[in-house]
Each structure stands twice: as C-alpha cells, then as structure tokens.
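In: Structure for the following, please:
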Amino acid sequence: MEKTVGTLTTLCYLEQDDKLLMMHRVKKKNDVNQDKWIGVGGHAEAYESPEDCLLRETFEETGLTLTDYRFRGLVTFALKGVETQYMCLYTATGWEGDLDYNCREGDLEWVPKEQIRDLELWVGDKVFFKLLEQEVPFFSLKLAYDGDTLEECVLDGKELDWREFLGEEWS
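Out: From the prediction side, this is the model:
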C-alpha cells in the first residue's frame, strides 16, 4: 500500500485599493475554517499543478479569471490526526470578469489591509500575513496545530517564536 505525504491546496489574496478580498467561512457544514476569515482557494484535483488549482478555485469562488498573480510561499499545515496539507500561497493584483459575491463557501468582502488583523484568523495566518506585509519575497512556513492551538511555527527551517514575531500589533 502506498503512503501519501499530504494534500496540495492553494490560497490566494486578491489585492485592490489597499484592500484584500477575504472570505468569511460561514456557509459550509463541518468546515475546519468555520467562522474564520481566509482567502480564496482549495484542494488540487488529480493532475492539476498549483497554478491550475489556483486559477480554477479562484474562478469557482469569485467568477474572476486571474491575469496577474505571484507565488509567495509554501505553507505546510501539520494537523494532529489529519493528513498534512501543503498550501501554495499566492497574491493577485490582476483579473478579468465581474466579482460574483454569491460564493457557496462563505461571504466575500473587500477588507482594508489595516483591518485584517482584527478579523477572526488562524494564528498561523497572522504569521504569513505579517510576512506578506514585510514583502518577504518567498518563504516556507510550517504550522503545527493541535485543534485550534498553534504548537509549532517554523520559518525557512528555523523555529520561529511566533508570539514575539507577531508582537502586540497582531495579537
């Protein structure tokens, strides 16, 4: 029997007028992200590259076709009792089409960047938001959770004290 090493997912934050398109996950039942605010994206299907998944998921959730996007980092979610997820994190500044706010997974909303830290976010998401804010060109981030509790944070292979890294402005 073959062992799998995990699942590939994508997540994208669309940027416009100093705002990010955020999804408030309030529509799906049994959603691990219930009530959290995240970007758009999801699980890769068979034979999809990360970019294929990014483009498909963004279109499915927003009705938009991305024309300008950037791969920002690889985030490894090590969740106790759940298969590891490898998430390709993107930001996008260009797209075509009209935004369809009728997303089946959550409520879409343009949120000013300075208000992101006030939303109900996963702690680890706050870490990668700060890395995006600092314009880190590319990063590898491992986030180990036990339920909702972040137990380990490793940035580019080195243990990161996420409480110190985030500081008061992100707590």
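In: got the contact list for the lengthiest helix in the chain?
Out: In terms of residue count, the longest helix belonging to the chain (DSSP state H) is helix 50-62. With contacts defined as Cβ atoms under 8 Å, 6 or more residues apart in numbering, helix 50-62 is touched by 8-10, 12, 14, 21, 23, 40-45, 48, 64-66, 69, 71, 88, 90, 92, 95, 99-100, 103-105, 108. (C-beta placed from N, C-alpha, C; glycine too.)
In: Selecting buried members of those in PyMOL, what would you type?
Out: Selecting only the buried entries of the contacts of helix 50-62 in PyMOL, with 16 or more other Cβ atoms under 10 Å as the criterion:
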select buried, resi 8+9+10+12+14+21+23+40+41+42+44+48+64+66+69+88+90+92+95+103+105+108
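In: Filter the contacts of helix 50-62 down to the ones in helices?
Out: Going by DSSP H, the helices hold none of the contacts of helix 50-62.
In: in the longest helix of the chain, what's buried?
Out: Buried residues in helix 50-62, counting neighbours by 16+ other Cβ under 10 Å, are found at 50, 53-59, 61-62.
In: from those, which is closest to E164?
Out: Of all the buried residues of helix 50-62, E164 sits closest to P50, with 30.9 Å by Cβ to Cβ.
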